[in-house]
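In: Provided below are the primary sequence and the corresponding predicted coordinates.
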2 protein chains.
Amino acid sequence: MRQPATIKDVAQIAGCGVASVSRVLNNTGPASAEMRDRVMAAVNELDFQFSEVGRSLQSSTTRTIGCVVPSIANPVYADAVQGAQDVFLPAGYQTLLICTNYDAEIETQAIRTLIAKHVDGLVLTVSDPETSEALAFIESRQVPHCLLFNMAPTNHTSWSVHDQAAAGRVADAFAENNHERTGFLALKFLSSDRARQRYNGFVEGCARNGMRKPALLEIDESNEDLTDLLGAFLQDNPGITGIFASNDFLALAAIRSARELSLDVPGDLSIVGFDGIGFGSMVMPSLATIVTDPRMLGGGAGETVLSMINGTAAPQTPSPDQTFHFRAGGSLVPLVAESKDDGKVAAFPPSSNPTRKISKSNRRDQNET
Amino acid sequence: MRQPATIKDVAQIAGCGVASVSRVLNNTGPASAEMRDRVMAAVNELDFQFSEVGRSLQSSTTRTIGCVVPSIANPVYADAVQGAQDVFLPAGYQTLLICTNYDAEIETQAIRTLIAKHVDGLVLTVSDPETSEALAFIESRQVPHCLLFNMAPTNHTSWSVHDQAAAGRVADAFAENNHERTGFLALKFLSSDRARQRYNGFVEGCARNGMRKPALLEIDESNEDLTDLLGAFLQDNPGITGIFASNDFLALAAIRSARELSLDVPGDLSIVGFDGIGFGSMVMPSLATIVTDPRMLGGGAGETVLSMINGTAAPQTPSPDQTFHFRAGGSLVPLVAESKDDGKVAAFPPSSNPTRKISKSNRRDQNET
DNA sequence: GGAAGGTATGGAAACGTTTCCATCGTGAGG
DNA sequence: CCTCACGATGGAAACGTTTCCATACCTTCC
């Protein structure tokens, strides 16, 4: 990498001091027209551009924001990052992106490096805001920052879906459709405070609606064997007619697994997801889910950080019920009275009752129409 | 933001010169055990951490890589970025992410800034590698870089799907299924060399298979009216039985639009996508498509850049036919003889009945269900 | 005992900026 | 004619590192 021209080179060619070059180029301080011309000529000749690192050292500002999320393979985070960077870029800030892969160790390490690199602010989703070492460090260094998809501890601000309230809404939806026994399906339950919040909210919501406490099905990375796990889960917890998956991916995977188990969705089993990814409304049956707006949240977090940097008033964070809404879909239907009377039969294994038959033929119709 | 401790503060507390602190902390040069202890004590007392910007100025290295893609809302790019950063992070490099939103102006501007920030390398997808101002600038500054999803001009290296060959494979697939008249559906045809490569490859493949030259349906941003556009397109180009969409999103949207037009997929119209996003195999009918591995490509581009930086041998870029494979799916079926005899009727309008009326009423049904 | 060589250490230059301050004209006002 | 103010300009310090070099001390060997 050829070393680029510096302000000294420009000064030499223009036959002036470096101070004059700086003044001309930054339009700070006086300069004669003739001086301007000479400097500009030299700049063009050398194709000169300021080194931001020299500048940063002097100004102790980098026009760079750190952005830390678990993974952008998950479209929720991808959209959020996109939303944030769409705010930062026009404001003259670039984004240093870190994907932690849900690893707290990487999270801590990367954030220390970001701060060493002197980012002007941070937008981040941590694995556990209450215990996060990284978060404590950020606080001790007083770096402007805003959480994303985390419940904010005191003294922090956050743009986040109110997971608990949203999960409660899902419980309401099941109740409205006469479901009484449900399950909660989660991935990486332990390493994600989001999944836990959703579980808590769902449990609470079920209780509020006089439903049974939902059974918990927790899986880890490999979703290869989801079908087996789901089968065993339904056998261990007979009578379950509805499953709340902690995100839409899981919900769609669950639908597929249910089919492999010869269960009809929603005939035998209703399924509700979380996040509201676009595909949810393109599949058959369409996915009932909690719709969120990750892009808006990312953008909001970005605005908040910018306002902290500029000392302007921070934008309001959204009120809990503005962060989500329930979207009905074909994957959640009312439980008909007869199945409710005999939930066990309706759920697993599917009996030879008419429900399943109808749904089967329905599905075939859809494929072949 | 409180200003953090510097090496001078450490030196002062440890009662030594800054050079000793640097030597101890970096393990470069000799130091007595006692000196080590004093320095370490001071470091812990101050919670000292080197400023990377001071370091960068001295070493002219930033341990930062620029990564430029159109948008990470598109999972193809999101996965590629993830793949690249999964290579960079363990190697000690962080990633400055720029999403250009397909805007060449932003692309140029952002890349200049990245270079001003002295990134050690670049991984990038440009809008047009042949004319890209940014690419020329990168070359003039001799920054290690690797293209991604772009055909590499001479003197550049690239990790990319061989779009043209892949599109040719799609033509083969249509031919194998007896389709003879096809259409090509593209978004932002003009601002993406990828779409053009795919079109060219498809045209070529169709010719090779003795098929008609595919008709081109080009749409821009808003896919709201895709249904109308598709309807008009099929009417203007009667006899079309297959559509190749330049990406899976479009393909899925086309399937939906076809349904709204009362066309059956694949009965009346076969559709093939491109990219192989996971959802393609979860929908009914499953999507026939070209499967690619964006994560692998991003990772490969990352490795290439690292090897350029380290002066080690660059990893081989994959051979064209390793970058994709065709995945059969329910959205592409053989054209039966009778339809082939009378393609016009089988395709659009589906029969002699008042097509418009049916599609209209169908659409209304969907809205209100 | 003195020279030679090694280890431990600190001062200072350099990296590329910005900005304070001093210098030098020059035109205006007394 | 002298002063004053102000515009134009350049030198130099400062930002936080690393590293070269000089110095000081301690062994070791002739």
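Out: Thanks, I have it.

In: thought A:Leu25 was touching A:Arg36?
Out: No - assessed by Cβ atoms under 8 Å, A:Leu25 is found out of contact with A:Arg36, at 9.6 Å. In this view, the C-beta of every residue, glycine as well, is placed from N, C-alpha and C.

In: show me where the stretch 1-150 of chain A has helices.
Out: Per DSSP state H, counting those that start in this stretch, the stretch 1-150 of chain A carries helices over the ranges A:7-14, A:18-26, A:33-46, A:52-59, A:75-88, A:104-116, A:133-141.

In: deepest in the core, which of the ones you listed is it.
Out: Most buried of the helices of the stretch 1-150 of chain A, by mean neighbour count (mean count of other Cβ atoms under 10 Å in any protein chain shown): helix A:75-88, with a mean of 25.

In: how far away from the center of its chain is it?
Out: 9 Å (Cα atoms, centre = their mean, to the nearest Å).

In: likewise stretch A:243-256?
Out: Offset of stretch A:243-256 from its chain centre (Cα atoms, centre = their mean): 17 Å.

In: check which residues of that stretch are buried.
Out: Judged by neighbour count using 16 or more other Cβ atoms under 10 Å in any protein chain shown, the buried positions of stretch A:243-256 are A:243-256.

In: export that stretch as PDB, just CAs?
Out: In PDB, the C-alpha atoms belonging to stretch A:243-256 read as follows (Å, rounded to 0.1, in the frame of the first residue of the first chain):
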ATOM      1  CA  ILE A 243     -47.500 -23.500  20.400                       C
ATOM      2  CA  PHE A 244     -45.800 -20.100  20.700                       C
ATOM      3  CA  ALA A 245     -42.400 -20.100  19.100                       C
ATOM      4  CA  SER A 246     -40.000 -17.500  20.300                       C
ATOM      5  CA  ASN A 247     -39.300 -16.400  16.800                       C
ATOM      6  CA  ASP A 248     -40.700 -16.800  13.300                       C
ATOM      7  CA  PHE A 249     -37.900 -19.100  12.100                       C
ATOM      8  CA  LEU A 250     -38.700 -21.500  14.800                       C
ATOM      9  CA  ALA A 251     -42.400 -21.100  14.100                       C
ATOM     10  CA  LEU A 252     -41.900 -22.000  10.500                       C
ATOM     11  CA  ALA A 253     -39.700 -24.900  11.300                       C
ATOM     12  CA  ALA A 254     -42.200 -26.100  13.800                       C
ATOM     13  CA  ILE A 255     -44.900 -26.000  11.100                       C
ATOM     14  CA  ARG A 256     -42.800 -28.100   8.900                       C
END
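
In: per-residue confidence averaged over it?
Out: Averaging pLDDT along stretch A:243-256 gives 92.

In: hmm, it touching chain B?
Out: Yes - shown here: stretch A:243-256 in contact with chain B (Cβ under 8 Å from any Cβ of the partner chain) through A:Leu252, A:Arg256.

In: tell me which of the helices of the stretch 1-150 of chain A sits nearest to B:Val87.
Out: With Cβ to Cβ as the criterion, B:Val87 lies closest to helix A:104-116 of the helices of the stretch 1-150 of chain A, at 14.0 Å.

In: got the angle between that closest one and helix B:52-59?
Out: 70 degrees (axes from the mean of the first three to the mean of the last three Cα atoms, to 10 degrees).

In: quick check: the one residue sitting closest to the centre of chain A vs A:Val123, distance?
Out: In chain A, the residue lying closest to the centroid (Cα atoms, centre = their mean) is A:Tyr77, at 3.4 Å. According to Cβ to Cβ, to the nearest Å, A:Tyr77 stands 11 Å off from A:Val123.

In: ok, the residue nearest to the centre of chain A - contacts?
Out: Applying Cβ atoms under 8 Å, 6 or more residues apart in numbering or on different chains, we find A:Tyr77 in contact with A:Val69, A:Pro70, A:Ser71, A:Thr125, A:Phe149, A:Pro294.

In: and A:Val143, by the same measure?
Out: Per Cβ under 8 Å, 6+ apart, neighbours of A:Val143: A:Ile115, A:Val119, A:Gly121, A:Leu122, B:Met1.

In: ChimeraX command to pick out the buried ones of those?
Out: A single ChimeraX command selects the buried members of those (16+ other Cβ under 10 Å):
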select /A:115,119,121,122
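
In: sort out for me which of the contacts of A:Val143 are in strands.
Out: Judged by DSSP state E, strands contain the following of the contacts of A:Val143: A:Gly121, A:Leu122.

In: spit out the contact partners of A:Gln82.
Out: Contact analysis of A:Gln82 by Cβ under 8 Å, 6+ apart lists A:Arg295, A:Gly298, B:Ser71, B:Ile72, B:Ala73, B:Cys99.

In: ok, 6 Å please
Out: For A:Gln82, the contacting residues are B:Ile72, B:Ala73, by Cβ atoms under 6 Å, 6 or more residues apart in numbering or on different chains.

In: just the pLDDT for the residue lying closest to A:Ser286 once chain neighbours are set aside.
Out: Using Cβ to Cβ, 6 or more residues apart in numbering or on different chains and skipping residues adjacent in sequence, the residue nearest A:Ser286 is A:Gly329, 4.1 Å away. We note a pLDDT of 94 for A:Gly329 in this prediction.

In: the closest residue to A:Val68 other than its chain neighbours: neighbour count?
Out: Excluding its sequence neighbours, the residue lying closest to A:Val68 (Cβ to Cβ, 6+ apart) is A:Leu124, at 3.9 Å. As a burial measure, A:Leu124 scores 28 neighbours (other Cβ atoms under 10 Å in any protein chain shown).

In: ok, now how distant is A:Leu124 from A:Val272?
Out: 29 Å.
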